[in-house]
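K.L.:
build me a structure from this.
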Amino acid sequence: MNLLAAMNNRLDRLDEATKLKLIRTLKEADLRDDYIVPLARQLGYLVYWTWNSKHSPSGFPDLFLLHPVTGVILVREQKRRRSAAAQYQPTEAQQAWLDGFGVAGLDAKVWTNEDWFSGLIRDELLRGAGRTA
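P.N.:
Predicted coordinates:
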């Protein structure tokens, strides 16, 4: 079974309460490292993220994904909702970068933990790689 099939199988088996708990507790770095990056690399993407933004200008998005065969570039800011009332608001600097990438013609937006569990992230990565589920 390949990674994509294993991930789909695992997500399909989760009940809604378990999904909700994972959505709220899964850290952005864990979502990136354990789910998004492995799938993106399996699909052929080159993936960049800033390891430590301490000495970098603020606001640059969390993930920069380039598919060298299709030419698709995905620029993504990751956000996690810690409670039901919390919102997914990029900072002003993050939104400025996302808007700027959008003006430049790149696909730039926010990915949330819910987007992983709904299958949206998987579907966007597949489309960018010229594949379907």
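
K.L.:
ok, now which ones touch the nearest residue to Leu63 once chain neighbours are set aside?
P.N.:
Nearest non-adjacent residue to Leu63, counting by Cβ to Cβ, 6 or more residues apart in numbering: Arg76, 4.4 Å away. All C-beta atoms are positioned from the backbone trio N, CA, C, and that covers glycine. Going by Cβ atoms under 8 Å, 6 or more residues apart in numbering, Arg76 touches Pro61, Asp62, Leu63, Leu65, Ala108, Lys109, Val110, Trp111.

K.L.:
swap the cut-off to 10 Å and go again
P.N.:
By Cβ atoms under 10 Å, 6 or more residues apart in numbering, Arg76 lies in contact with 32, 36, 49, 61-65, 98, 101, 107-111, 115, 121, 124.

K.L.:
next one: Trp111
P.N.:
Counted by Cβ under 10 Å, 6+ apart, Trp111 has contacts 28, 31-32, 36, 61-63, 74, 76-79, 88, 120-121, 124.

K.L.:
great, nothing more from me.
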